[in-house]
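S.K.: the sequence and its predicted three-dimensional model are supplied below.
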Amino acid sequence: MSNTTIYPQFALASLDITNLYTDVPVAETRNIIAKNLEDNHIDPQIRQELLKWYYTITQQNYFTNNGEILIQEAGLAMGAPTSGLRAEFFLQNIEHIHLTTLANKHKIIKYFRYVDDILLIYD
């Protein structure tokens, strides 16, 4: 990105993500995954198994703090191997919805997505 020229007539927008895993809505993300599986014509039996897997994993939001086992009430468990994938489904859906709206309002020149931020350059 350091080679990207931002001319005076352009605006730069950065959409920062904070507290990503704990703020991902579990039920909404399940619905996003279910729709994605359906839209991609995944066999209904496989869809059902994957959604059962999703339910099981989201019900096991356990972690330890100072030797005490706690249950995370909302969001995705930080450090769980599957949390990144589930967060990715949620983020892609948010990007699709909101970037489409922004693209219709502004002429988006470049779009970059990297670990913690989304960068838009538009005029």
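M.R.: Nice, thanks for sending it over. Predicted model only: the values in this text are computed from it and were never measured.

S.K.: so after the helix or strand residue 29 falls within, what's the next helix or strand?
M.R.: Following DSSP states H and E, one finds residue 29 within helix 26-39. Moving toward the C-terminus from helix 26-39, the next helix or strand (DSSP H and E) is helix 44-58.

S.K.: buried residues of that next one, list them for me.
M.R.: 47, 54, 57, 58 (16 or more other Cβ atoms under 10 Å). Where you see a C-beta, it was placed from the backbone N, CA and C, and this is true even at glycine.

S.K.: which element is the residue lying closest to residue 20 once chain neighbours are set aside on?
M.R.: Nearest non-adjacent residue to residue 20, counting by Cβ to Cβ, 6 or more residues apart in numbering: residue 87, 5.7 Å away. In this structure, residue 87 is located in helix 83-105 according to DSSP H and E.

S.K.: how much space is there between the residue positioned nearest the centre of the chain and residue 20?
M.R.: The centroid of the chain falls nearest to residue 91 when counting by Cα atoms, centre = their mean (2.3 Å). Distance of residue 91 to residue 20, given as Cβ to Cβ, to the nearest Å: 8 Å.

S.K.: and if you look at residue 57?
M.R.: 17 Å.

S.K.: likewise residue 36?
M.R.: Applying Cβ to Cβ to residue 36 and residue 20 gives a distance of 19 Å.

S.K.: residue 66 now?
M.R.: Taking Cβ to Cβ, one finds residue 66 at 24 Å from residue 20.
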